[in-house]
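Engineer: 3D model of this:
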Amino acid sequence: MAKFNLFSEESNKSPLARLWRKFKTNHPALVGLWVFIAFALLAASAPFLAPYGVNQQHSDALLIPPSWREMGDVRFLLGTDDLGRDVLSRLMNGATYTFGLSIIAAFLTTVIGLLVGTFAGISRGLRSSFLNHLLDITLSIPSLLLAIIIIAILGPGLMNTVWAIILALLPQFIHSIRNLIVDELSKDYITAYRLDGASNWHILSRGIYPNIYEYIVVIFTMALSTAILDIAALGFLKLGAQPPTTEWGAILAENLGLIYLAPWTVALPGVLLFLAVLSTNLVGDGLRQVLQARKAD
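Structural biologist: Model (predicted):
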């Protein structure tokens, strides 16, 4: 006998549950989510799962191709480089730098951007005008170019790269948050809150943030995708991670001279970068489609 449920309508489910129910019907986005989770788990556990040390050299196994090829060796599933280092171990550890640091950079950008964007959204008069003009100037510069300018000031290095990417992504994030808050402040329910005597903090915490957190997640995924590309690009340009760091962009730059002799040393990190960015974009695009459908309902 079916259990009686007075609240069986979908409209009575939580916003997060309805978001997930619609999101999982988008199969490419769902596949992207599982790939994204796999990369996140790899980034967190790679140092413990890698079969060899990232700089451990095997002098008897130089430029061994992947194990499925004729000259491959089962000890090295994805082959070795010109110094006899295991490619699989280096790529697994590279996920910690490229993907893991990108998540940290995007998260810090989200927190800082939310605070500054909120301040910009509720500001009026001279402060609002100054912030708007400052954002317009910085948004005219591509994020990668802005990161390169910041790296030129801070100096090359992996941690400087993270800070440079955070500072480069902040203008776009602040601009997006500001627009969301300005749109919410113009709605009738905010006017009702103000007439009831609610303070700015109550309006933000109980009115605005609960209605825009899904959009913040979408902006976060877009920032994460950009951060992955920028970290890899700066590493490839030798402005970010420096050899022998196993960041994917640095691995590409280090092995670029082997592209004809040992193409797997260049192709494999490129494939991982492609999958990381693709999965992040699929998740972000799926969330955006769900939000647009919900807004249209």
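Engineer: who's in contact with residue 283?
Structural biologist: By C-beta atoms under 8 Å, 6 or more residues apart in numbering, residue 283 lies in contact with 29, 32, 33, 36, 221. The C-beta positions use only the backbone N, C-alpha and C, and glycine is treated the same way.
Engineer: For these, which entry has the maximal number of neighbours?
Structural biologist: The residue in those with the most neighbours, by other C-beta atoms under 10 Å, is residue 36 (24 neighbours).
Engineer: From residue 189, how far off is that one?
Structural biologist: Computed with C-beta to C-beta, to the nearest Å, the distance linking residue 36 and residue 189 is 34 Å.
Engineer: for residue 282, same thing?
Structural biologist: 33 Å.
Engineer: what ranges do the helices span in this structure?
Structural biologist: Ranges of helices within the chain are 15-23, 27-49, 87-95, 101-122, 126-139, 143-154, 158-185, 188-195, 200-203, 209-236, 248-255, 264-296, based on DSSP state H.
Engineer: And those helices, which one averages the lowest pLDDT?
Structural biologist: Confidence, taken as mean pLDDT, is least for helix 126-139 of the helices of the chain (a mean of 70).
Engineer: In space, what's closest to the residue nearest the centre of the chain - neighbours in sequence excluded?
Structural biologist: Of all residues in the chain, the one closest to the mean position by C-alpha atoms, centre = their mean is residue 224, 1.6 Å from it. The shortest distance from residue 224 to any non-neighbouring residue, by C-beta to C-beta, 6 or more residues apart in numbering, is to residue 106 (4.1 Å).
Engineer: My read is that the residue nearest to the centre of the chain contacts residue 100, right?
Structural biologist: No: using C-beta atoms under 8 Å as the test, residue 224 is too far from residue 100 to be in contact (11.2 Å).
Engineer: that older thread, compare neighbour counts for residue 282 and residue 189 and give me the winner.
Structural biologist: residue 282 (22 against 12).
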